[in-house]
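>>> For reference, the sequence and a predicted model appear below.
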Amino acid sequence: GAVVSQHPSWVICKSGTSVKIECRSLDFQATTMFWYRQFPKQSLMLMATSNEGSKATYEQGVEKDKFLINHASLTLSTLTVTSAHPEDSSFYICSAMAGTKNNEQFFGPGTRLTVL
Amino acid sequence: RKEVEQDPGPFNVPEGATVAFNCTYSNSASQSFFWYRQDCRKEPKLLMSVYSSGNEDGRFTAQLNRASQYISLLIRDSKLSDSATYLCVSYFSGSARQLTFGSGTQLTVLP
């Protein structure tokens, strides 16, 4: 199956710093990538949809200036959490869609962010 | 009302038991459905796709009832390794192809 990687897998940072998370499709080209956030014991919540070469589409309630998304190539999307605060601590998961197989999304292993 | 609702669980069942999870969805235009499993602190992994009236894969059977907007997952002869959270997911292309996740049902299979 298709492989999606995320880096870093976990990060601890001080309040006020910015954190960049990378999502890569390793063996396919991803026309669309998605960024999700999951708080403990809750479901995955879509934050934004990212298409290569265009601006991301953010879900209602997600601040685009706080969660910067860049999808510069067909294999890489980045999410930058700017001026992170403790309430941003969460599990961030990306997924990638190849556009070929039954609308299946392939998930990265996730990044656990803890903001002190 | 949530777009995808699931049994909250948790379900604690003995090894070898049969367990069923239910899921309802509100968007009648949803085009397809999936069951994912998610282990603790891991990403979701696709378990089964559910396209028409349902399908079976080994010990797992998924059923879809579009009239009632209802999906189910049946696990027979449950194994310890089946312990996980099971996520019901709907797909709707619309203007931005995306999945909508239910909140998940936690299953623990006991020895």
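Yep, that arrived. Numbers count the residues shown, from 1 in each chain, chains lettered A, B, ... in the order given.

>>> Quick one: neighbours of residue B:83, just the number.
18 (other Cβ atoms under 10 Å in any protein chain shown). Placement of C-beta: from N, CA and C, glycine included.

>>> ok now do residue A:67, which residues does it touch?
The contact partners of residue A:67, by Cβ atoms under 8 Å, 6 or more residues apart in numbering or on different chains, come to A:35, A:47-48, A:58, A:79-82.

>>> Pull out the buried residues from those.
By neighbour count, with 16 or more other Cβ atoms under 10 Å in any protein chain shown, the contacts of residue A:67 hold A:35, A:47-48, A:58, A:79, A:81 as buried.

>>> pLDDT below threshold where in chain B?
Applying pLDDT under 70 to chain B flags residues B:1, B:95-97.

>>> near chain A, which residues of it show up?
Residues of chain B found near chain A (Cβ under 8 Å from any Cβ of the partner chain) are B:31-32, B:41-46, B:49, B:87, B:91, B:93, B:96-104.

>>> Which ones among these map onto helices?
With helices taken from DSSP state H, there is no overlap with the residues of chain B next to chain A.

>>> and those residues, which are buried?
B:32, B:43-44, B:46, B:49, B:87, B:91, B:97-104.

>>> which residue ranges form the strands in chain B?
Here chain B has its strands, by DSSP state E, at B:4-6, B:11-14, B:19-25, B:32-38, B:44-50, B:54-57, B:60-65, B:70-75, B:84-92, B:98-101, B:105-110.

>>> So what are the sheet partners of the last one and their directions?
In other words, strand B:105-110. Note on strand B:105-110: by DSSP bridges, its sheet partners are strand B:11-14 (parallel), strand B:84-92 (antiparallel).

>>> again, but for the fifth one
The sheet places strand B:44-50 alongside strand B:32-38 (antiparallel), with pairing taken from DSSP bridges.

>>> and the angle for the partner strand with strand B:60-65?
Relative orientation of strand B:32-38 versus strand B:60-65 (axes from the mean of the first three to the mean of the last three Cα atoms, to 10 degrees): 140 degrees.

>>> buried ones in strand B:32-38?
For strand B:32-38, a neighbour-count test (16+ other Cβ under 10 Å) marks B:32-38 as buried.

>>> nearest to chain A, of those?
Using Cβ to the nearest Cβ, residue B:32 comes nearest to chain A of the buried residues of strand B:32-38, at 6.5 Å.

>>> what's the closest non-adjacent residue to the closest one?
Counting by Cβ to Cβ, 6 or more residues apart in numbering or on different chains, residue B:91 is the residue found nearest to residue B:32 once chain neighbours are left out, at 4.6 Å.

>>> residue contacts, residue 6?
No chain was given, so I picked chain A. A:21-24, A:93-94, A:108-111 are the contacts of residue A:6 under Cβ under 8 Å, 6+ apart.

>>> The chain in question should be chain B.
Taking Cβ under 8 Å, 6+ apart, we find residue B:6 in contact with B:21-23, B:86-88, B:102-105.

>>> do residue A:85 as well
A:15-16, A:115.

>>> Can you tell me which of those is nearest chain B?
residue A:115 (17.4 Å).

>>> where's the nearest residue to residue B:98 once chain neighbours are set aside relative to residue A:37, distance?
Once flanking residues are discounted, residue B:98 sits nearest to residue A:46: 5.7 Å by Cβ to Cβ, 6+ apart. Taking Cβ to Cβ, to the nearest Å as the measure, residue A:46 falls 8 Å from residue A:37.

>>> overlap in contacts of those two?
Common neighbours of residue A:46 and residue A:37, counting by Cβ under 8 Å, 6+ apart, are absent.
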